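Colleague: with the sequence up front, the predicted model follows.
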Amino acid sequence: MTITLTGTVAAFDESVGLGTITSESGSEHAFHCIEIADGSRSIAVGTAVSFDLLAKFGRYEAARIRS
């Protein structure tokens with residue numbers, strides 16, 4: 001089962017490829033740049049996105065991030 005959410009990129013550090021997305025419900029989800037669906041490996045803070053949740057290392061992370 002895939003859970004798709006919407007939110008906004010709250011932070012992104014391009015040098016390490018890590019960021020966070022704040023969902024519309026206020027939850028924060030970490031992501032790695034390989035999960036940006038267009039393959040760009042970069043995304044601007046403040047970008048509105050939709051994303052799926054992926055269970056990884058005992059927590060949920062943002063995956064398949066689409067702007």
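Modeller: Sure, I can see it. Numbers count the residues shown, from 1 in each chain.

Colleague: at which residues are the strands of the protein located?
Modeller: Taking DSSP state E to define them, one finds strands in the chain at 4-13, 18-23, 28-32, 48-56, 59-66.

Colleague: the ones you listed: which one's closest to Gly39?
Modeller: strand 59-66 (11.1 Å; CB to CB). Every residue, glycine included, has its C-beta placed from N, CA and C.

Colleague: contacts made by that closest one with the rest, please.
Modeller: Identification of contacts with strand 59-66 by CB atoms under 8 Å, 6 or more residues apart in numbering yields 21, 29-32, 35-38, 43, 49-54.

Colleague: that older thread, got the strands of the chain as a markdown table, with mean pLDDT and mean neighbour count columns?
Modeller: Shown next, in a markdown table, are these (pLDDT from 0 to 100; neighbours: other CB atoms under 10 Å):
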| stretch | mean pLDDT | mean neighbour count |
| --- | --- | --- |
| strand 4-13 | 97 | 15 |
| strand 18-23 | 98 | 18 |
| strand 28-32 | 96 | 17 |
| strand 48-56 | 93 | 16 |
| strand 59-66 | 94 | 18 |
